[in-house]
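# Sharing a sequence plus its predicted fold:
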Amino acid sequence: MRRYLEIYWLMIRNSLIREMAFKANFILWMVVELLWFLGQIVFLEVLFGHTERIGDWTKWECVLLVGTHQLTAQLFQAFFYVNLAELPDLIRTGRLDILLVLPVDAQFAVSTRKFGMDNVVNALVGVAIVIFSLYQLQVVPSAQAVALYAVAIAFGVSVHYAVMFFLATIAFWIVRAQGLIYGYYNVFNIARFPDVIYRGVFRVIFSYIIPVILVANVPSRLLARAFDSPWNGLAQLAGAAVFVVVGTRLFWHFALRRYSSASS
Amino acid sequence: MRKGRPGPDFSFALAPALACAPGSRMTLATFWKFFDIGIQNTFVYRWNFLLRAVFGIVPLVGTVFLWQAIFASSDGPIEGYEYSTMIFYFLVTVVLDQLITPTEDEWQIAAEIRDGKISAYLIKPMNFLGYRVALYLSYRLLYVAVVFVPIVALAVIFREHLHFPSNPMTWLAFAVSTVMAAGIQFLIAYALAMIAFWVLEVSTIIFILYSFEYFLSGHVFPLDIMPAWLQPFIKWSPFTYELFFPAQIVMERVTGRALAEGLCIQAGWLVATYLLARLLWARGVQKYQAVGG
């Protein structure tokens, strides 16, 4: 375990050095993410120009939800996104070989090569939006609520990780997998809306099998709706996160057996 | 003996000459050949296309649920949209999006410029823009063929919300507008890729423009539910004519004089983006250094 932490620290340090070599690009990526996030807020602004509530969620509860989604998604992107997005290419070109022969766990090796500092900045923007909407809602969360929120965010990041890792792993079977990466964005598109709007089979699939609906909703409820008991939602999210992380790891091992390299 | 020495650098002498020469003529036969190449190359993307289309359904269904909830709590139509027309709007934009939005073109062109691969095209008697148009059309054709089944499935699921116009003139206007929208979308993508002549890393610039395109072309919500003070901007913005405008035509939400006016503005943007694309190409080739070529 300690060895892994040391390796990870070296990876992060390397990534920072690399990023600082291209400062303009670093700032531009921050701008890109910020624009997309502002777009979400504008979208809510337009929607709430025509309605008072979505389900039973008020405007600032929805802003809190979008801010929470931003925080979770950006933390995921900071730690894992680029690495997983590059996995299909590693498979296609056979460059995966080098990572497989390293004396560390292969999943660890492919997941932690790069770290995105610009995403950390954008995660902080998400935090700012969350705090601002709490102020608008006139809610002062208890220390316990904040602690549980942090735990829920961590589970949320692992759900993001598992979904993307699963999609990237499909690349062992198909050559070009750019569409899989769009799949990640498409699936998490529905995570930014209140869970109450979803019904039927759709709700079951995206709460239990691909649990993206829980990811931002559970932590948001912990903060905004302190009068509800936090444990139910948290237990559901924790269960779902463990389920998808273990499930995708099994899938990864299954897929690795198919790998026959490309060049060597 | 000559092998050991680096070859003479033709690029600086050749490139301006080509850029100044009138665009090489392209025969229909050449065009079809390119189209054919495009189809064959793209066939490796078939899984990619299918996955993209299938995953694309998820946000659409999410949008349907969202508007269901909004219409349930509002009393009456929103800016003239009933629940059913709102769903129809999103179905139309999804289909248009599959039909005309370039998926890989700008990334490929930018990569060809950055890696110096366009040298191979520069020395051939062909028109690069024409070549890319042929590839674009072949991509779109294959893409639509692959996503046909999911689209039909969607149409069946949401059949009660389909309100097709009966007037043939509406269909004609819709077809014309869709073709122009495709042209604008492609030319903007093409012009964006040209930035690779000056900047190595173009993806951030592409994504910045996309973020505006995404919200201002009507992907996320119909533009006419935006506040009134924004409407004059929307009327003149090029993004409106990439997706929103043809959708409005087929929904018969724009008719008569407004329709004619809109088509004129759209044609204006088509010409403007074409000129921009040609200008950037001509300037870019002058600057081109054939890195790695």
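Noted; the coordinates are in hand.
# and A:A191, what is it in contact with?
A:H69, A:V212, A:I213, A:V215, A:A216, A:N217 (C-beta atoms under 8 Å, 6 or more residues apart in numbering or on different chains). No exception for glycine: its C-beta is placed from N, CA and C like everyone else's.
# Turn those into JSON lines, including distance to chain B and pLDDT.
Below are the contacts of A:A191 laid out as JSON lines (distance: C-beta to the nearest C-beta, whole Å; pLDDT from 0 to 100):
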{"residue": "A:H69", "distance to chain B": "13", "pLDDT": "95"}
{"residue": "A:V212", "distance to chain B": "9", "pLDDT": "92"}
{"residue": "A:I213", "distance to chain B": "9", "pLDDT": "93"}
{"residue": "A:V215", "distance to chain B": "14", "pLDDT": "93"}
{"residue": "A:A216", "distance to chain B": "13", "pLDDT": "93"}
{"residue": "A:N217", "distance to chain B": "13", "pLDDT": "92"}
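# Which members of those residues are positioned in strands?
Among those, no member falls in strands (criterion: DSSP state E).
# Among the residues you listed, which one is most surrounded by other residues?
A:V215 (30 neighbours; other C-beta atoms under 10 Å in any protein chain shown).
# so who does that one touch?
Residues in contact with A:V215 (C-beta under 8 Å, 6+ apart) are A:H69, A:T72, A:G156, A:V159, A:H160, A:F188, A:A191, A:L237.
# okay, these in JSON lines with distance to B:P165 and secondary structure next?
Below are these laid out as JSON lines (distance: C-beta to C-beta, whole Å; DSSP: H, G, I helix; E, B strand; the rest coil):
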{"residue": "A:H69", "distance to B:P165": "38", "secondary structure": "helix"}
{"residue": "A:T72", "distance to B:P165": "43", "secondary structure": "helix"}
{"residue": "A:G156", "distance to B:P165": "45", "secondary structure": "helix"}
{"residue": "A:V159", "distance to B:P165": "44", "secondary structure": "helix"}
{"residue": "A:H160", "distance to B:P165": "43", "secondary structure": "helix"}
{"residue": "A:F188", "distance to B:P165": "36", "secondary structure": "helix"}
{"residue": "A:A191", "distance to B:P165": "36", "secondary structure": "helix"}
{"residue": "A:L237", "distance to B:P165": "47", "secondary structure": "helix"}
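# if we take the residues you listed, which one ends up nearest to B:F244?
Nearest to B:F244 out of these is A:F188 (C-beta to C-beta; 24.7 Å).
# Give me the distance between the closest one and A:A152.
Distance check for A:F188 against A:A152: by C-beta to C-beta, to the nearest Å, it reads 16 Å.
# before we move on, what about B:G262?
48 Å.
# ok, back up a step: which of A:F188 and A:A152 has more residues huddled nearby?
A:A152 (28 against 23).
# Quick one, grab the pLDDT at the more buried one.
On pLDDT, A:A152 comes in at 95.
# And A:L148, by the same measure?
92.
# these two touch, right, it and A:L234?
Yes: between A:L148 and A:L234 there is a contact under C-beta atoms under 8 Å: 6.2 Å.
# got any residues that touch both of those two?
Contact criterion C-beta under 8 Å, 6+ apart; residues shared by A:L148 and A:L234: A:L222.
# can you pull out the strands in the stretch 1-150 of chain B?
Using DSSP state E, counting those that start in this stretch, the stretch 1-150 of chain B contains no strands.
# got any ranges where the chain has weak pLDDT?
Here I'm looking at chain A. Applying pLDDT under 70 to chain A flags the ranges A:175-177, A:262-264.
# Chain B is the one I meant
Low-confidence segments of chain B, defined by pLDDT under 70: B:1-26, B:291-293.
# Find the nearest non-adjacent residue to residue 226, please.
In the absence of a named chain, chain A is used. A:A145 (5.7 Å; C-beta to C-beta, 6 or more residues apart in numbering or on different chains).
# nope, chain B please
That would be A:V46: by C-beta to C-beta, 6+ apart, it lies 5.8 Å from B:M226.
# can you give me phi and psi for A:W57?
With angles defined as degrees, to the nearest 10, A:W57 sits at phi -100, psi 130.
# And the one 10 residues further on, by the same measure?
Main-chain dihedrals, A:G67, degrees, to the nearest 10: phi -60, psi -40.
# Isn't it up against A:Y135?
No: in terms of C-beta under 8 Å, A:G67 does not count as a neighbour of A:Y135; the distance is 11.9 Å.
# Have a look at those two and say which one is more surrounded.
The residue with more neighbours, out of A:G67 and A:Y135, is A:G67; 27 against 11, by other C-beta under 10 Å.
# what sits against that one?
Neighbours of A:G67 in contact, by C-beta under 8 Å, 6+ apart: A:G126, A:V127, A:A128, A:I129, A:V130, A:F132, A:S133.
# so can I have a markdown table of those residues showing neighbour count and secondary structure?
Compiled in a markdown table, those are given as follows (neighbours: other C-beta atoms under 10 Å in any protein chain shown; DSSP: H, G, I helix; E, B strand; the rest coil):
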| residue | neighbour count | secondary structure |
| --- | --- | --- |
| A:G126 | 21 | helix |
| A:V127 | 15 | helix |
| A:A128 | 13 | helix |
| A:I129 | 20 | helix |
| A:V130 | 24 | helix |
| A:F132 | 14 | helix |
| A:S133 | 24 | helix |
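# residues from chain B in reach of chain A?
Chain B comes close to chain A at residues B:44-45, B:47-52, B:55-56, B:58-59, B:61-62, B:65-66, B:68-70, B:73-74, B:78-79, B:104, B:201, B:204-205, B:207-208, B:211-212, B:214-215, B:220-221, B:225-227, as judged by C-beta under 8 Å from any C-beta of the partner chain.
# Mark which of those residues are buried, thanks.
Buried by 16 or more other C-beta atoms under 10 Å in any protein chain shown: B:45, B:47-52, B:55-56, B:58-59, B:61-62, B:65-66, B:68-70, B:78, B:104, B:204-205, B:207-208, B:211, B:214-215, B:220-221, B:226, out of the residues of chain B next to chain A.
# from those, which ones fall inside helices?
B:47-52, B:55-56, B:58-59, B:61-62, B:65-66, B:68-70, B:204-205, B:207-208, B:211, B:214-215 (DSSP state H).
# Before I go, just wanted to say thanks for your time.
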